[in-house]
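Asks: need a structure here:
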Amino acid sequence: MAADEDRADVERVLAGDVAAFENIVRRWQGPLVNLAYRFCRDRGRAEDMAQEASLRAWRALATWRRDAAFSTWLFALAMNLYRSELRRIPAAAVSFLSPTDAAKLKDDRAADSGLEDEDRDRALRRAVLALPAKYREALILFYFHGMDVRDAACSLGLPEGTVKARLARGREILRGKFPRLMTKTRLKEVL
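Replies: Model prediction:
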């Protein structure tokens, strides 16, 4: 179980076995890069941001209080870093839809003769990335990273009720943009 491995590796690092941190990096670098990519949409920048998050985690490892999963603490640290980085140097603006995507989504023909699943998924993911940060972050953690509401709330430093409200509002905004595509199960499939 990753949670037990994380706890054991952190204990080893704090006891002086610095090589144990490599296990943590190996386990979490991919998810950190994926999370950063969802913020900036640039693979190279995402890798740099994830590396910086790992470095900050190394420096702050002793501050993990163990009242939440290590991954929750790590993602909270990373998200704070990513937000700061994007305030400092914003990512390129992403429009909700390109004219081509908008034309496809207005097609009222049956799904089997109109839009391909891949095109719909891509357009929906782009729409999630274009949401205001407070909704986008909640949706990304909940759907893309599979966190439950409690862990997402810990990562975001928010009450669970606020995260639930942001998830609901984010889904509502997406349903307004994609009325035919947005069913509860469809959102979970795509995200």
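Asks: Walking through the chain, point out its helices one by one.
Replies: 2-14, 21-40, 43-60, 70-88, 99-105, 117-130, 133-139, 149-156, 160-177, 184-190 (DSSP state H).
Asks: can you redo those helices as CSV with mean pLDDT and mean neighbour count?
Replies: For every residue, glycine as well, the C-beta is placed using N, CA and C. Below are those laid out as CSV (pLDDT from 0 to 100; neighbours: other Cβ atoms under 10 Å):
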stretch, mean pLDDT, mean neighbour count
helix 2-14, 93, 15
helix 21-40, 93, 18
helix 43-60, 94, 16
helix 70-88, 91, 19
helix 99-105, 45, 14
helix 117-130, 77, 17
helix 133-139, 90, 20
helix 149-156, 90, 21
helix 160-177, 91, 17
helix 184-190, 53, 13
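Asks: Contacts only, for the nearest residue to residue 128 once chain neighbours are set aside.
Replies: Closest residue to residue 128 apart from its sequence neighbours, by Cβ to Cβ, 6 or more residues apart in numbering: residue 139 at 5.6 Å. Residues counted as contacts of residue 139 (Cβ atoms under 8 Å, 6 or more residues apart in numbering) are 128, 131, 166-167, 170-171, 191.
Asks: Let me have those in JSON lines, extended by distance to residue 65.
Replies: Below are those laid out as JSON lines (distance: Cβ to Cβ, whole Å):
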{"residue": "128", "distance to residue 65": "31"}
{"residue": "131", "distance to residue 65": "31"}
{"residue": "166", "distance to residue 65": "25"}
{"residue": "167", "distance to residue 65": "26"}
{"residue": "170", "distance to residue 65": "29"}
{"residue": "171", "distance to residue 65": "32"}
{"residue": "191", "distance to residue 65": "30"}
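Asks: Which two among the residues you listed are spaced furthest apart?
Replies: Across the contacts of residue 139, the longest distance by Cβ to Cβ is 14.2 Å; it joins 166 and 191.
Asks: Residue 61 versus the most centrally placed residue in the chain, what's the distance?
Replies: In the chain, the residue lying closest to the centroid (Cα atoms, centre = their mean) is residue 140, at 3.6 Å. For residue 140, the distance to residue 61 equals 25 Å [Cβ to Cβ, to the nearest Å].
Asks: now do residue 146
Replies: 24 Å.
Asks: neighbour-wise, which of those two wins?
Replies: Taking other Cβ atoms under 10 Å, residue 146 and residue 61 do not tie; residue 61 has more neighbours (17 against 11).
Asks: In this structure that one contacts residue 13, no?
Replies: Yes: with contact defined as Cβ atoms under 8 Å, residue 61 counts as touching residue 13 (6.0 Å).
Asks: Quick check: neighbours shared by the two?
Replies: Common contacts of residue 61 and residue 13, defined by Cβ under 8 Å, 6+ apart, comprise residue 21.
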